[in-house]
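J.: with the sequence up front, the predicted model follows.
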Amino acid sequence: MAQYTRVSGSVGLITLQSPPVNALSAAVRQGIVDLMQRALSEPEVKSVVICGQNGIFCGGADIKEFGGQMSGPPLIPMIHAIEAASKPVVAAIEGIALGGGLELALGCHYRIAHSKARVGLPEVTLGLLPGAGGSQRLPRLIGVPAALDLITTGRHVTAAEALKFGLVDQITDHNTVNVAVKFAQRVADQPLDARRISTHPCLCPSDVAVLFEEVMQRVRRTARGAIAPIACVQAVRAAATLPYNQGMERERELMATLFTSGQARALQYFFFAQRAVGRWSMPSGARWDTSKPRPVHKAAVIGLGTMGRGITVALAQAGFSVVAVETQEKQLMEAKQAISGMLERGAKRRGVAPALDKINYGRNIQSVADVDLVIEAVFEDMALKKKVFQQLSAVCKPSTFLCSNTSGLDIDQLACQTRNPELVVGMHFFAPAHVMKLLEVVYGPKSSPLAVATAMQLGKKIGKVSVAVGNCRGFVGNRMLKPYLEQALFLLEEGATPEFVDQVLEEFGFAMGVFRMSDLSGLDVGWKVRLADGLAMPDPTMGQPTRLRQGRRYSPLGDLLCEQGRFGQKTGRGWYQYDKPGSQVAKPDPWLHSFLDEYRARHALVAHRIDHQEVLERCLYSMINEGFRILEDGIAAGPEDIDVIYVFGYSWPRHRGGPMFYAATVGLNKVLERLEHYYQAHPDVPSLQPCHLLRKLVASGSPPIQKWREVIKKVRSQL
Ligand SMILES: CCC[C@H](O)CC(=O)SCCNC(=O)CCNC(=O)[C@H](O)C(C)(C)COP(=O)([O-])OP(=O)([O-])OC[C@H]1O[C@@H](n2cnc3c(N)ncnc32)[C@H](O)[C@@H]1OP(=O)([O-])[O-]
């Protein structure tokens, strides 16, 4: 929808009206077409201003329409008609002008932006390119290098940066619509030819071919298999090398390919999944919209190791007062220095003052007495964490929320140490905690909706995508990682090498294969957990064979490496070898290959040829199967929660939507059939046994992912 008013006698004001972001739905496009015609036909009207209601210009094409049949006037001719208009058209940009919204503004003859507005062409993040002329007009307006930057990254730029680029003509701190109306009056009788961007030559640097080559190489390297960034470069290249009309034709062809690709569908699903996780619910029926958070002004972090430092930085940067506690003097001094460095570097990047004064350091837990919320980030040891929670419960005011950054321990056991177990939740950050977007907010059986709502809101305030999940070993992310890691080890036992498994997973789109990732995080981390669980050391009195523990297949390969002091990158040896401890350049290690040969010989394992398909299916489908179990158990409310966790926390390639969306893409019956096949071949590996929910979904005709919740509800009610 759009509204028309005549202002100051001679200006036709068109206001886009489609809450919440004035997306260009069919109705809005129809409104613009009709009202432009009206403005052009009224002789008193000398110029036109286009703005959006509620201080938001336009969030672009309506993404919800992409899934169905497109109706209403198409965007491209609508923008062409605006550009071709005989009266000046001014875009009054408040809030945002993104994607099709900015393309609409580029079709106008002038652009006035509020100083707080942000603009950008984020289509690439949805698996698309700016397909309403944006890939052709932007380089003509701001030059090829800047256009390539904006279009291939999709980043939003501030009004000040936009002015520097020449993307907007003026910025204002005042009422943008009023300023635009006055501007429109001033330019009412100015000639328009030079203002039609499509008629401009494309501004190219002299070495433009080299530039395109370099950008294409960079994009291919970082795209991890995503096709949209490559198409974006191709579209801008068309702008630089072809006349406008031919460039538009190329834009249309590239857009058509992207639009129907599985990647665009996955990325658009993921866009809505990110928003869906904010609408959390708990099995008790408590929900985001009926649970009010309590404001947090002052927080504390206990334990200033790697995680505690990152969490402190994240809180301080978001403006919270933080009490940072570390009982070891040496560790405290090191942490202070590290945190200050992180804050200073971050502030320099963002051009603001470092939030050093937000933090008070202390060695005594008593110093957290008056805080609203505490995040415990001590070593991952249940006995130690229990002690800390007992102390916190005694020291803090009764209303303080007590949170643990555990990556998988039982939240309920911690809650039981406190006076108010309903105020205890998990806040599982991912390293580095001030950078990684993901936060798992873990509720135990006693956690109150108030505590969950407060942790979710705090997560949002510090810039995280927070996902509420139930309490179980490893929560969602690490629980699903277990079968994935396990399969990778079994594949080594059966004949694969770490390099091959990693190559397959990296070709799939993971930033790092499973073995490179283990080397980076440190092999000793999992080893300590397995030792604590009694898994890493077979009990000789029980007579358990080395490759069978607690009644199921077990690979001791990781333990054997740790016993040799091979902890990964930090020791210069792990699944790979490194030039020196701490180096990041992984090289295949002949020692490891002989070690695997000897291991196989010792256990009478005959190496067989393992192909790409087997690596992918066994690693990914076992993980996906665990995802279905998690849904069945009610640990995650829906597939979106799992997918968001995996993309933001575990480098799952975003253009594949997340593990559960990927399962839907592959076809649930295929996932089921392959799991059955592998389970038959490996009956001692329970993680390969297809779970009940997966069978139920297949039996229900494999409904689209948006309908899974209905089947999940039925399955849970039968349990
Ligand atoms: C031929 C076509 C060519 C063209 O080049 C293609 C495009 O333009 S592609 C488009 C290029 N444009 C983009 O990529 C911009 C995508 N949007 C964004 O980046 C952010 O939403 C924005 C920055 C605008 C606001 O952030 P914020 O303040 O944190 O708020 P929020 O994020 O929570 O959103 C609030 C609500 O608005 C909803 N919604 C938002 N946008 C759209 C949309 N375009 N459509 C439909 N709905 C949209 C969103 O789902 C949410 O709904 P709900 O039911 O309440 O969950």
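T.: Received the coordinates, thanks.

J.: when you work out contacts or count neighbours from here on, use the C-alpha atoms and nothing else.
T.: OK.

J.: settle this for me: Gln487 is touching Cys619, isn't it.
T.: Yes: contact status for Gln487 versus Cys619: in contact at 5.5 Å, counting by C-alpha atoms under 8 Å.

J.: what sits against the most centrally placed residue in the chain?
T.: For the chain, the residue nearest the mean C-alpha position is Phe648 (4.1 Å; C-alpha atoms, centre = their mean). Phe648 sits next to Met436, Lys437, Leu438 when contact means C-alpha atoms under 8 Å, 6 or more residues apart in numbering.

J.: and which of these is nearest the ligand?
T.: When these are ranked by distance to the ligand (C-alpha to the nearest ligand atom), Lys437 comes first, at 14.2 Å.

J.: quick check: nearest residue in space to the closest one, chain neighbours excluded?
T.: Excluding the flanking residues, the one nearest Lys437 by C-alpha to C-alpha, 6 or more residues apart in numbering is Lys464, at 4.7 Å.

J.: how near is that neighbour to Val435?
T.: In this view, Lys464 and Val435 are 9 Å apart by C-alpha to C-alpha, to the nearest Å.

J.: so which bits of this structure are right by the ligand?
T.: Proximity of the chain to the ligand (C-alpha under 6 Å from any ligand atom) is limited to residues 20-21, 23, 59-64, 98-100, 122-123, 130-132, 272, 275.

J.: quick revisit: would the residue nearest to the centre of the chain count as being in a helix?
T.: Yes: per DSSP: H, G, I helix; E, B strand; the rest coil, Phe648 lies within a helix segment.

J.: rewinding a little: from the residues of the chain next to the ligand, which ones fall inside helices?
T.: Gly100, Phe272, Arg275 (DSSP state H).

J.: turn the residues you listed into TSV, including neighbour count and pLDDT.
T.: Output for these, formatted as TSV (neighbours: other C-alpha atoms under 10 Å; pLDDT from 0 to 100):
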residue	neighbour count	pLDDT
Gly100	28	98
Phe272	13	97
Arg275	12	96
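
J.: of these, which is the nearest to Thr241?
T.: For these, the minimum distance to Thr241 (C-alpha to C-alpha) is 23.3 Å, reached by Gly100.

J.: return the set of buried residues in the helix or strand harbouring Ser717.
T.: Using DSSP states H and E, Ser717 sits within helix 708-718. By neighbour count on 16 or more other C-alpha atoms under 10 Å, the buried set for helix 708-718 is Trp708, Val711, Ile712, Val715.

J.: elements contacting that helix?
T.: helix 612-633, helix 692-699 (3 or more C-alpha pairs under 8 Å, 6 or more residues apart in numbering; DSSP states H and E).

J.: please identify the most buried of those.
T.: Stretch with highest mean neighbour count among these: helix 612-633 (a mean of 22; mean count of other C-alpha atoms under 10 Å).

J.: how about the stretch 201-350 of the chain: which residue is closest to the ligand?
T.: For the stretch 201-350 of the chain, C-alpha to the nearest ligand atom, closest residue to the ligand: Arg275, 5.0 Å.

J.: same deal with the stretch 351-500 of the chain?
T.: Closest residue of the stretch 351-500 of the chain to the ligand, C-alpha to the nearest ligand atom: Lys460 (10.0 Å).
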